[in-house]
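Asks: Only the shape, not the letters, is given here:
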DNA sequence: CAGTTGTTATACAAATAATAGAACAGATTT
DNA sequence: AAATCTGTTCTATTATTTGTATAACAACTG
């Protein structure tokens, strides 16, 4: 799994890490039950602090995307790929909202928006940047 | 224009304000050239600090959604409703990316995603929460 | 002239982000 | 059994972001 962190991004590095792991799950490169590196090993590999990796892990655990088993290790959640709950859909809608408001101002048509989404889904699936 | 700020939200209040103004533009309640309240008046109205409103204004100015004319006032940008540039589309795609990764994990179908988008667009257009 | 405008400067408090080192207790490996 | 590895917890420090607070400036408006 290739992780690429941009230190100067406006997005905190713990979030970048969490998002890229989630992309790995989405593209099924990281299947359920797959073990993730230990916080120390991952931190060393990515040249960051153990606590930063730990924060990314707990962010993903909160989203039920990974399972943290103390003293054992961290694994992709058994139900990482699942049907969204009503609550999860509402949260997603709220995240979409400001982006859609901007899209309306910028006169992005439904067709073009659909095309942008297809493009990004393809990139996630391919693991390309 | 009704603005509702949630002080305990994870989203900074200056961003909440900026996003709700952008929604007002998207729903054409705030037409180009329309004046916005002064930083002081708006801050008093929303019970927040002048600098916080100022920060929201500059965020929107950066996005070319409003025009700040020193010593005169703040107005909805003449071209607030316009065709997106290539750069603007790329930024929007990058914002969509982590949401789509989660949507893939949560097995949101293209049809359901389209329905969610239609729902949020409708809510923005209606100005409902 | 008085009031309003966005701007700038300084200051402060709180929260967040990131790093650092150490220790703990349970699991695994040798 | 000993050594190693695991996530956890604790304390600490630094830097940045967020939000509030005052004050003053210069230009525009009534």
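Replies: The structure has been received and is ready for your questions. This is a predicted model, so every value here is computed, not measured.

Asks: and the closest residue to residue A:30 other than its chain neighbours, what does it touch?
Replies: Ranked by CB to CB, 6 or more residues apart in numbering or on different chains and with sequence neighbours excluded, the top spatial neighbour of residue A:30 is residue A:24, at 4.0 Å. In short, each C-beta sits where N, CA and C put it, glycine included. If you count contacts by CB atoms under 8 Å, 6 or more residues apart in numbering or on different chains, residue A:24 has them with A:1, A:30, A:127.

Asks: what do you get for residue A:40?
Replies: Contacts of residue A:40 (CB under 8 Å, 6+ apart): residue A:50.

Asks: Quick one: classify it as helix, strand or coil.
Replies: With DSSP: H, G, I helix; E, B strand; the rest coil as the basis, the three-state label of residue A:40 is helix.

Asks: burial of the residue nearest to residue A:42 when sequence neighbours are not counted, as a residue count?
Replies: Once its chain neighbours are removed from consideration, residue A:42 has its nearest residue in residue A:53; the separation is 4.7 Å (CB to CB, 6+ apart). Residues near residue A:53, counting by other CB atoms under 10 Å in any protein chain shown, number 26.

Asks: my guess is residue A:53 meets residue A:46, correct?
Replies: Yes: at 7.3 Å, residue A:53 and residue A:46 qualify as touching, with contact defined as CB atoms under 8 Å.

Asks: Common neighbours of the two, please.
Replies: Any residue near both residue A:53 and residue A:46 by CB under 8 Å, 6+ apart counts here, and that gives residue A:17.

Asks: What residues sit buried inside the helix or strand where residue A:15 lies?
Replies: Under DSSP states H and E, the secondary-structure element containing residue A:15 is helix A:13-26. Of the residues in helix A:13-26, those scored as buried under the neighbour-count criterion (16 or more other CB atoms under 10 Å in any protein chain shown) are A:13-14, A:16-26.

Asks: I'd like these laid out as a markdown table, including pLDDT.
Replies: Written out in a markdown table, the entries for those read as follows (pLDDT from 0 to 100):
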| residue | pLDDT |
| --- | --- |
| A:13 | 98 |
| A:14 | 98 |
| A:16 | 98 |
| A:17 | 98 |
| A:18 | 98 |
| A:19 | 98 |
| A:20 | 98 |
| A:21 | 98 |
| A:22 | 98 |
| A:23 | 98 |
| A:24 | 98 |
| A:25 | 98 |
| A:26 | 98 |
